[in-house]
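Chemist: Got a sequence here, can you build the structure:
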Amino acid sequence: GKDLIVHAPTSAGKTLVAELAMLRLFARRLKSALLVPTRALASEHAASIADSYAALGIQVIRSAGDSSDDDDLLMHGHFDVAVFTYEKFASLVYRDVGLLDKLGLVVLDEIQLIGEPGRGRVPELLLALLQERRHRGLGVQILGLCGDFTDLGGLPEWLLAEVVGDLRRPIPLKEHGVDATGLFTATLRDAQSIEDGQLEHFGVDLTGIADFRKDLIAERITIAVVGRLLSEGKQVLVFRSSRAKVRQTARKLATQLSLPDLGDLAATLVEASAGHEGSRLSRMLEESITRGIGFHSSELDDHERAFVEQAFRAGHLRVVVATTTLAEGVNLPADAVVITDHEFYQGPRNDPKPYDAVQYRNMAGRAGRVGQGMESGDSFLIASTPAERGTLADQYLLTRKGSISAGMDGMSARDRVLAAGAIARRGTVMDFVGVLSNTFWGYRNRGDAAWRERLREETDEALEYLSALGVFQRTGGRDYTVARSGATCALYGVR
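Modeler: Residues are numbered from 1 along each chain as shown. The predicted structure follows:
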């Protein structure tokens, strides 16, 4: 019954611990909620739990913000395990906090998302709400599943949770940075040493590509690396930073690698898509699969993504090109991973946003997952020049695991007060200051007297502003009450 954080690397059994905890609750006739980062993960976990424990009669439902949600069953309490995306669970709880009264356990997968700018506010608000209810004797057991960070940033202390786990990776992972000449810099994950070497019989012809077209150079290197890995009999995941780049790279791999024809597999996809409205993207996927290459992004329908995942797991597809979201826990093991990009495009007026250490580690960590007959895994980070290879090695291969931060740290004062309103609903300026002080963000600043004074001033100003917008209503002189629109705004902030 203790609150726990399971702190372990990819493929170390964190999901099994969560399932055992949910089975324990089921045996006591109590209900559990599993929160995951994406809809694809929600579908995967719901199906896996239902299949694994069908003999026990466990009723599993899914609610992730689309037309297949089981919200009627949820509202009537007809479930034993409910799988949610973070955002869908938060929207339901803010609408009716009584949902928490039905639960004995909340499992937070990838709990380190609490530190992600933008999205981090959602798990932080939910945990703050659970903490506030606990203080009123309405406790729900919390189980957080966390990746292999060196520093948990005070999260266990804030939650009063015990930490269990082992940071040793069960399958060795060799991480490489490689350029067009085949020169590489490599290390075993989290080792203190690094080595330089040369891929034998490897070289990439960059004729016709201008030096400044680093994206085209990186893509051409990617194709050469994937071809080499396939010749070694390996199954490969390729990560690109956007959906357009996923389609582009899949098309070039399909036309340049001359893989065996998989027309029968593509025909199976067509049969599986009967009853679904076809699209240009569906036809692109069918053509790509025929040529031996799958791709995976949010543009595809759920059944198409599921088909690609299953075909890759079964070994029918040897290569899948995917966006970075696939790295967020979808159980798609590979012998090797190729990471072409190192940053996200932020539009013409903004600088690109580099991948952070967590995003890189999640992608590279897909290689060599335990329980799949693999003895080791390999990841390849593509460098467009030898100089960039050295930079990437310093930035990613030699980086330590990082520290978890608070998602509310990067929010505006007005958005933070909105967040506090989703928890407290009504109170004075100091009541809302108290709510914010009890968040993970507040816990990390608890010893700073100047911070608390700034918090009071900013909260006062923000409440006045939000009241003028109609998001809060002022009552009784000093009290503020969240308007109906306020709880919704808490998830997304004020624009």
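
Chemist: can we go C-alpha only for contacts and neighbour counts from here?
Modeler: Fine.

Chemist: On the pLDDT front, check Ala364 for me.
Modeler: At Ala364, the model reports a pLDDT of 90.

Chemist: quick one, what contacts it?
Modeler: 175, 337-339, 378-380 (Cα atoms under 8 Å, 6 or more residues apart in numbering).

Chemist: and what of Leu125?
Modeler: Taking Cα under 8 Å, 6+ apart, one finds 419-420, 423, 439 in contact with Leu125.

Chemist: at 7 Å what do you get?
Modeler: Contacts here follow Cα atoms under 7 Å, 6 or more residues apart in numbering; on that basis Leu125 touches Ala419.

Chemist: likewise Pro37?
Modeler: Counting by Cα under 7 Å, 6+ apart, Pro37 touches 85-86.

Chemist: Ramachandran coordinates for it?
Modeler: The phi and psi values for Pro37, taken as degrees, to the nearest 10, are phi -70, psi -30.

Chemist: ok, now Val36?
Modeler: According to degrees, to the nearest 10, Val36 has phi -130, psi 160.

Chemist: which residues of the stretch 251-400 of the chain fall in strands?
Modeler: Ranges of strands in the stretch 251-400 of the chain, per DSSP state E, counting those that start in this stretch, are 293-296, 319-323, 336-339, 343-344, 353-354, 377-382.

Chemist: Also the stretch 1-150 of the chain?
Modeler: Secondary structure of the stretch 1-150 of the chain, counting by DSSP E, counting those that start in this stretch: strands at 4-7, 31-36, 60-63, 81-85, 103-108, 141-146.

Chemist: Now tabulate those strands in TSV and tack on mean pLDDT, distance to Leu262 and mean neighbour count.
Modeler: TSV is the format used below for the strands of the stretch 1-150 of the chain (pLDDT from 0 to 100; distance: least, Cα to Cα, whole Å; neighbours: other Cα atoms under 10 Å):
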stretch	mean pLDDT	distance to Leu262	mean neighbour count
strand 4-7	94	41	23
strand 31-36	97	33	26
strand 60-63	96	33	25
strand 81-85	96	34	27
strand 103-108	97	39	23
strand 141-146	95	38	22
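
Chemist: Using a markdown table, lay out those together with distance to Lys353.
Modeler: Listed next are these as a markdown table, based on distance: least, Cα to Cα, whole Å:
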| stretch | distance to Lys353 |
| --- | --- |
| strand 4-7 | 27 |
| strand 31-36 | 24 |
| strand 60-63 | 31 |
| strand 81-85 | 25 |
| strand 103-108 | 27 |
| strand 141-146 | 24 |
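
Chemist: in stretch 375-385, what's buried?
Modeler: For stretch 375-385, burial by neighbour count (16 or more other Cα atoms under 10 Å) applies to 376-385.

Chemist: One more: stretch 455-464?
Modeler: 455-456, 458-460, 462-464.

Chemist: Now tabulate those residues in a markdown table and tack on distance to Ala322, secondary structure and pLDDT.
Modeler: Output for the buried residues of stretch 455-464, formatted as a markdown table (distance: Cα to Cα, whole Å; DSSP: H, G, I helix; E, B strand; the rest coil; pLDDT from 0 to 100):
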| residue | distance to Ala322 | secondary structure | pLDDT |
| --- | --- | --- | --- |
| Leu455 | 42 | helix | 95 |
| Arg456 | 45 | helix | 95 |
| Glu458 | 42 | helix | 95 |
| Thr459 | 42 | helix | 95 |
| Asp460 | 46 | helix | 94 |
| Ala462 | 41 | helix | 93 |
| Leu463 | 43 | helix | 93 |
| Glu464 | 45 | helix | 92 |
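
Chemist: Quick check: the farthest pair among the residues you listed?
Modeler: Farthest pair in these (Cα to Cα) is Leu455 and Glu464. Separation: 14.3 Å.

Chemist: And the contacts of Ala364, which is closest to Ser32?
Modeler: Nearest member of the contacts of Ala364 to Ser32, counting by Cα to Cα, is Val337, at 34.0 Å.

Chemist: how near is that closest one to Thr391?
Modeler: 20 Å (Cα to Cα, to the nearest Å).

Chemist: Which one's more surrounded, these two?
Modeler: Using other Cα atoms under 10 Å as the criterion, Val337 and Thr391 rank with Val337 on top: 29 against 14.

Chemist: Test for you: state the pLDDT assigned to the closest residue to Leu259 other than its chain neighbours.
Modeler: Leaving aside its chain neighbours, Leu259 sits nearest to Gly292 (5.7 Å; criterion: Cα to Cα, 6 or more residues apart in numbering). Reported pLDDT at Gly292 in the predicted model: 95.

Chemist: so who does Gly292 touch?
Modeler: Contacts for Gly292 (Cα under 7 Å, 6+ apart) come out as 254, 259-262, 317.

Chemist: Give me the buried subset of those.
Modeler: Among those, those scoring as buried are 254, 259, 262, 317 (criterion: 16+ other Cα under 10 Å).

Chemist: And the pLDDT for the last one?
Modeler: According to the predicted model, the pLDDT of Leu317 comes to 96.

Chemist: and if you look at Ser437?
Modeler: Looking at Ser437, the pLDDT reads 93.

Chemist: Provide the count of other residues in contact range of the nearest residue to it once chain neighbours are set aside.
Modeler: Using Cα to Cα, 6+ apart and skipping the chain neighbours, the partner closest in space to Ser437 is Tyr443 (6.5 Å). Residues lying near Tyr443 (other Cα under 10 Å) number 17.

Chemist: who does the spatially closest residue to Thr340 that is not a sequence neighbour bridge with?
Modeler: Nearest residue to Thr340, sequence neighbours excluded (Cα to Cα, 6+ apart): Ile382, at 5.1 Å. On the basis of DSSP bridges, Ile382 is bridged to Val178.

Chemist: State the distance from Ile382 to Arg189.
Modeler: Separation of Ile382 from Arg189 (Cα to Cα): 17 Å.

Chemist: cool, and Gly365?
Modeler: Distance of Gly365 to Arg189, computed by Cα to Cα: 9 Å.

Chemist: what's in contact with stretch 308-326?
Modeler: 235-243, 246, 250, 292-297, 332.
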